[in-house]
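# let's see this in three dimensions:
(one chain, ligands or ions: 1)
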Amino acid sequence: MFTYIFCKGVISLQSNDKLLQLNLLVLRNGFLDKYQLDSRHYILSGLLGEALFSDFVSRYGHKSWAIYSDYWFNYGKRMQADFLLVTSERWLVVEVKHYDGRFEYKGNECYLNDKLMDDNYLLAMDLRVKKIRHMAQELNQDIVVEGLFVFIHENSEAKVHLDYALDFDVKLRNELKGFLSQLKRTDNRQLSDGHLRKVDAVLDKYRVKNPFLPKPIKQEDWAGLTKGINCCTCDSFDLAYRHKTVICNDCGAIERKDAAILRMAEQVRILFYGEDYAVTGARVYELCDKRISINAIHKVLRDSRK
Ligand SMILES: [Zn+2]
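Okay, here's the model as predicted:
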């Protein structure tokens, strides 16, 4: 579930499975190829931008607002909203860009530091706002749906040349506090649980899965990975295996074996992401470099499924 009410949560860099898989490949391969490196940079930059925005809202927004993050939907076309901020007076569709440098929009094209970008992010935003407006109107014709396009990086600049009006606001990081503070003064009524349930129902109706989930690694890649339990604190593979614990020879961290087995099972799940029955005793046994008995592994896996 993607909803949380302020100030309960922040976006965690540990919550992105694709990033977790890339990090595991670094840990156990020692490297990423160019495509994987780009992919990791892109994910990290996006998550950092979203975490920054989330922090702004928790500091300057109203406690009664509901926020939905990374909302994927299909309303005639599959799209994603970084955030949907639901207040007593409106739905705010938010796109966050964490660009280091100068963004320019001219001749209907986007440039970052004078380099032409692949997509027209402003047109996509316009469409995103319009589609979510149609969805909101299923709930109530009078709901106001607006858009906010934020350049959140501290070095971001934005120049937008347009001869028509956009369906959303464009703000830089230094304007965000003022924008949210103003919104807090006007959108300050408490949202009822009943209303939020209706919002959830509309969003659920159009919700689709994130299409950018990781794919299971190939058998030959699995074969090439470094095996063994990595230290729960420093990631070293130099561990001493005791009766009920594993102890890191580098940093001294002690972990119970059953906890280490579950951690390895989770790594298997991430590595073979999306496969039915990805987590098998045999795979966990192999990932532990056969240093823990297969019977102990089966028992821990069985107990965890109870
Ligand atoms: Zn260690």
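# show me where this structure has helices.
Using DSSP state H, the helices assigned to the chain run over residues 17-29, 34-60, 121-139, 173-186, 193-206, 219-224, 257-271, 281-287, 294-305.
# ok, residues contacting the last one?
With contact meaning C-beta atoms under 8 Å, 6 or more residues apart in numbering, helix 294-305 is reached by Lys257, Asp258, Ile261, Leu262, Ala265, Val279, Gly281, Ala282, Val284, Tyr285, Cys288. Any C-beta I mention is one placed from the backbone N, CA and C, and that applies to glycine too.
# give me the distance between the fourth one and the ion.
Spelled out, that is Leu262. Distance, Leu262 to the ion, using C-beta to the ion, to the nearest Å: 18 Å.
# can you pull the contacts of Leu127?
Lys77, Met79.
# residues contacting the residue nearest to Ile143 when sequence neighbours are not counted?
Excluding its sequence neighbours, the residue lying closest to Ile143 (C-beta to C-beta, 6 or more residues apart in numbering) is Ala136, at 4.3 Å. By C-beta under 8 Å, 6+ apart, the contact set of Ala136 is Trp91, Ile143, Val145, Val202.
# what about these, which one has the most neighbours?
Neighbour tally across the contacts of Ala136 (other C-beta atoms under 10 Å): the maximum, 25 neighbours, falls on Trp91.
# that residue pairs with what?
When bridges are called by DSSP bridges, Trp91 pairs up with Val86, Val145.
# so it sits right up against Leu148, yeah?
No: the pair Trp91 / Leu148 is not scored as a contact, 10.9 Å apart, by C-beta atoms under 8 Å.
# where is pLDDT lowest across the contacts of Ala136?
Confidence by pLDDT is poorest for Ile143 among the contacts of Ala136, given 92.
# quick one on the thing from earlier: nearest to Val129 among the contacts of Ala136?
Nearest to Val129 among the contacts of Ala136, counting by C-beta to C-beta, is Val145 at 6.4 Å.
# follow-up on the earlier one: which two in the contacts of Ala136 are spaced the farthest apart?
Greatest spatial distance in those: Val145 and Val202, 11.7 Å, computed using C-beta to C-beta.
# before we move on, back to that, so for the residue nearest to Ile143, what's the pLDDT?
Model confidence at Ala136 (pLDDT) stands at 95.
# enumerate the residues of the protein near the ion.
Cys231, Thr233, Cys234, Ser236, Cys248, Asp250, Cys251, Ala253 (C-beta under 5 Å from the ion).
# export the residues you listed as TSV, with columns for neighbour count and pLDDT.
Below are the residues of the chain next to the ion laid out as TSV (neighbours: other C-beta atoms under 10 Å; pLDDT from 0 to 100):
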residue	neighbour count	pLDDT
Cys231	22	97
Thr233	13	96
Cys234	12	96
Ser236	15	96
Cys248	21	98
Asp250	13	97
Cys251	13	97
Ala253	14	97
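# please narrow these to those residing in strands.
Mapping those onto strands (DSSP state E) picks out Cys248.
# domain assignment for this protein?
3-206, 219-305 (automatic domain parsing).
# next one: phi and psi at the closest residue to Tyr273 other than its chain neighbours?
With sequence-adjacent residues excluded and distances taken as C-beta to C-beta, 6+ apart, Tyr273 is closest to Pro214, at 4.2 Å. The phi/psi pair for Pro214 (degrees, to the nearest 10) reads phi -70, psi 160.
# list the contacts of Pro214.
With contact set as C-beta under 8 Å, 6+ apart, Pro214 has these partners: Asp17, Lys18, Gln21, Ile270, Tyr273, Gly274.
# ditto for Met264
Contacts of Met264 by C-beta under 8 Å, 6+ apart are Ile229, Val284, Leu287, Cys288.
# so the third one touches Lys227, yeah?
What it means is Leu287. Yes: counting by C-beta under 8 Å, Leu287 touches Lys227, with 5.9 Å between them.
# what about these two, which has more around it?
Between Leu287 and Lys227, counted using other C-beta under 10 Å, the more crowded position is Leu287 (25 against 16).
# for the ion, see how far away Val57 is.
Distance from Val57 to the ion, by C-beta to the ion: 37 Å.
# residues near that residue, how many?
Neighbours of Val57 under the rule other C-beta under 10 Å: 21.
# what does Phe103 give?
23.
# over to Arg242?
The tally of other residues near Arg242 (other C-beta under 10 Å) stands at 10.
# what's the answer for Gly61, then?
20.
# ok, it to the ion distance?
40 Å.
# pLDDT score for that residue?
For Gly61, the predicted pLDDT is 93.
# which residues are in contact with it?
Here Gly61 is in contact with Phe6, Leu85, Leu180, Leu183, Lys184 (criterion: C-beta under 8 Å, 6+ apart).
# rewinding a little: just give me the lowest mean pLDDT stretch among the domains of the chain.
domain 3-206 (a mean of 89).
# ok now it, how far from the chain's centre?
11 Å (C-alpha atoms, centre = their mean, to the nearest Å).
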